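**Q** Next one to model:
(one chain, ligands or ions: 1)
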Amino acid sequence: MLLLDSVNPDVLEALRELSHSGSARVLAVVTTRDALAGDAAWHLLQAGASDVLAWCHSKAPVAEIAARLTRWLQVEQLIRAPLVQSRLVGTSRTWLSTLRQLVEVAAFTDSSVLLLGESGTGKEEAARLIHALDPRAGRRELVVLDCTTVVPELSGSEFFGHERGAFTGAVAARDGAFALADGGTLFLDEVGELPLGLQAQLLRAVQEHSYKRVGSNVWHQTEFRLICATNRDLTTEVLRGGFRRDFFHRIASWSCRLPPLRERPEDVLPLVHHFLKELRPGQEPPELDAPVRGYLLTRQYPGNVRDLRQLVTRISKRHVGPGPITVGDIPPDELPREAIPDGWQGHGFEQAIRRALVLGAGLKDIGRAATEVAIQMVIADEAGNLQRAARRLGVTDRALQLRRAQRDSRPAPANKPAVPAR
Ligand SMILES: Nc1ncnc2c1ncn2[C@@H]1O[C@H](COP(=O)(O)OP(=O)(O)OP(=O)(O)O)[C@@H](O)[C@H]1O
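**A** Okay, the predicted model is just below:
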C-alpha cells in the first residue's frame, strides 16, 4: 500500500519500482482532495497501481483498504495452492498477472468468462481450473463442447437435447449440453466457429438460462457457469459482422487473454521441468545440459505450450541413463539448422541492438540500457530483494545500490535511445 498526498513524476517513478511495473499489487491511497484532480488516477494505474482509493472521498477508508488487501491476499494464496500449481505452470510476471485474473474471477465471481489466446496457450486448461475453483456448494460437472465438431443438422439437439421422435433417428429422448451442465460449468471451446444462426438460437439459453428440447414446447431452467474459448479476435469479428454483438456481450462478461509462450520465455524451463515430472511420475526428472537449455529457450513455439509439451515428450522418450538430457536426445528432425548463438544472444537480441543503432544510440547508451533492463528484471524477479538480485547479477550489494543511485541522479537524455526490447 502506498499513501500519497500528491501525484507527480517522482511518485509515479516510485510506484513503478514498488509495483515492479505492475507485476506486484500496490494499492495507491491518495489522502488529499486535490491530488486526484484531472487524470491523476489513470496515471497511477499506468505506473503500476492495481487500484486507487481516495481517502477523503471514502466513508470507511480503513474497511475499504482492508477489503481490498484481504482479497488480494486470498488470490495470492490460491495461486500458490497445489490445485493451481499442479495444473498451470509459469513464473513469469506476464503469466502471474494472467493467473491472478483467472483465479480471482473463478473463485470470487460467477461471471461468464471468455478465454482468448493463440492455439496451445492453455485455454482449455484454464477453463478446467476455473471450474475447479468454483466455490458453488454442490457444484456439478464440467461439460465440454467443441463447437468445431457440432454438425449443423444436429446442433439443436447437441445444445438443447431432443424428445423421442423429434426427428428421424431420434429413437430416444436425450439431454443436451445445457441440461447436462445444470449445476456445473458449460465450456464452449472454439466458440468463434459457431455459425451466426446458431448463435441467435443460443442467445436465450445463455441469457436467461432457459431452453426447450427439440420437439417439445416445455421450457426448462438450467443453472451453469459459461466459459468460452477461441483463438479468433472476436472484437474484430463482431465489427465485420462475423459474430453477433449481443451474443458476444453475453459470453464475455469477463475476458482474459492467455499470452503466447514467446511473450513469457522465462516460463519455458519451468514448463519443461513440469512435463518431465509428469512423464516420469515418482522419479526426479533428469537435468538438462546447457546446450539443450539454450536450444529450448531459443526455439520458436508456434503451437505454444502444446508444442513445447510434444517436444519434451519426444526428447524424454529418447533419453536413457541416469545423466542429464543432452543434445543427442533431441530428435534429428528437430535439430536447428544453424548454430544457436550462445544461448541467449538470439534473433530478438540482435534486432533490439539494430533498432538502437538505427535510432542513433552509441555503445555507451546500448551498454547502459542493457544493464538497466537486466537490473530491473532481476530485481522484479527477486521481488525487490536487492541482496538476491546482486547475487544473481554477479555484483556486490553495494555495486548494485551505486548503479541504482547513479541512474536516479542522471538527467533523462533528450533523445533517449531505445531500450532493448525483450
Ligand atoms: N501453463 C501451463 N502449464 C502446464 N501445462 C500447460 C499450460 N498451458 C498449457 N498447457 C498444456 O498444453 C497443452 C495445450 O493446452 P490447451 O489445450 O489448454 O490449449 P488451448 O489454448 O486450449 O489450445 P487450442 O486453442 O488449440 O484448443 C495441454 O496439454 C495443456 O495441459
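
**Q** Look up phi and psi at the closest residue in space to residue 94 that isn't next to it in sequence.
**A** Spatially, and ignoring its direct neighbours in sequence, residue 94 is nearest to residue 264 (4.6 Å; Cβ to Cβ, 6 or more residues apart in numbering). Quick note: C-beta positions are derived from backbone N, CA and C, even for glycine. Dihedral angles of residue 264 (phi, psi; degrees, to the nearest 10) stand at phi -150, psi 60.

**Q** what's residue 264 in contact with, if anything?
**A** 90, 92, 94, 95 (Cβ atoms under 8 Å, 6 or more residues apart in numbering).

**Q** go on, residue 199?
**A** Taking Cβ under 8 Å, 6+ apart, we find residue 199 in contact with 243, 244, 247.

**Q** nearest to residue 394, of those?
**A** residue 243 (51.7 Å; Cβ to Cβ).

**Q** Flag every residue of this structure that's near the ligand.
**A** Contact residues (Cβ under 6 Å from any ligand atom) of the chain with the ligand: 88-90, 117, 119-125, 229, 231, 271, 274, 305-306, 309.

**Q** Would you list the buried entries among those?
**A** With burial judged by 16 or more other Cβ atoms under 10 Å, the buried subset of these is 88-90, 117, 120-124, 229, 231, 271, 274, 305, 309.

**Q** Can you list which of those residues are found in strands?
**A** residue 229 (DSSP state E).

**Q** Quickly check the buried ones among the residues of the chain next to the ligand for the two that are furthest apart.
**A** 231 and 274, at 22.7 Å, using Cβ to Cβ across these.

**Q** Give me the distance from the lowest-mean-pLDDT helix or strand in the chain to the chain's centre.
**A** Every helix and strand of the chain was ranked by mean pLDDT, DSSP states H and E. The lowest is helix 347-358, at a mean of 77. Per Cα atoms, centre = their mean, to the nearest Å, the displacement of helix 347-358 from the mean C-alpha position of its chain is 27 Å.

**Q** Going by contacts, tell me the helices and strands next to that helix.
**A** Under the contact criterion of 3 or more Cβ pairs under 8 Å, 6 or more residues apart in numbering; DSSP states H and E, helix 347-358 touches helix 363-381.

**Q** what angle sits between the helix it packs on and helix 347-358?
**A** 140 degrees (axes from the mean of the first three to the mean of the last three Cα atoms, to 10 degrees).

**Q** quick revisit: which of the contacts of residue 264 lies closest to the ligand?
**A** Distance to the ligand, by Cβ to the nearest ligand atom, is smallest for residue 90 among those, at 5.0 Å.

**Q** which residues touch whatever residue of the stretch 151-300 of the chain ends up closest to the ligand?
**A** Nearest to the ligand in the stretch 151-300 of the chain, going by Cβ to the nearest ligand atom, is residue 231, at a distance of 4.9 Å. Residue 231 makes contact with 116, 117, 118, 119, 123, 190, 192, according to Cβ under 8 Å, 6+ apart.

**Q** quick one: the host helix or strand of residue 314 to chain centroid distance?
**A** Residue 314 is part of helix 304-318, with elements assigned from DSSP states H and E. Distance, stretch centre to chain centre, for helix 304-318: 21 Å (Cα atoms, centre = their mean).

**Q** hey, C-alpha coordinates of it in PDB?
**A** The C-alpha coordinates for helix 304-318 follow below in PDB (Å, rounded to 0.1, in the frame of the first residue of the first chain):
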ATOM      1  CA  ASN A 304       2.800 -22.600 -27.800                       C
ATOM      2  CA  VAL A 305       2.800 -24.800 -24.700                       C
ATOM      3  CA  ARG A 306       1.300 -27.700 -26.700                       C
ATOM      4  CA  ASP A 307       4.400 -27.600 -29.000                       C
ATOM      5  CA  LEU A 308       6.700 -27.500 -26.000                       C
ATOM      6  CA  ARG A 309       4.900 -30.400 -24.400                       C
ATOM      7  CA  GLN A 310       5.200 -32.500 -27.500                       C
ATOM      8  CA  LEU A 311       8.800 -31.700 -27.900                       C
ATOM      9  CA  VAL A 312       9.600 -32.600 -24.300                       C
ATOM     10  CA  THR A 313       7.800 -35.900 -24.700                       C
ATOM     11  CA  ARG A 314       9.800 -36.800 -27.700                       C
ATOM     12  CA  ILE A 315      13.100 -35.800 -26.100                       C
ATOM     13  CA  SER A 316      12.200 -37.700 -22.900                       C
ATOM     14  CA  LYS A 317      11.400 -40.900 -24.900                       C
ATOM     15  CA  ARG A 318      14.900 -40.800 -26.500                       C
END
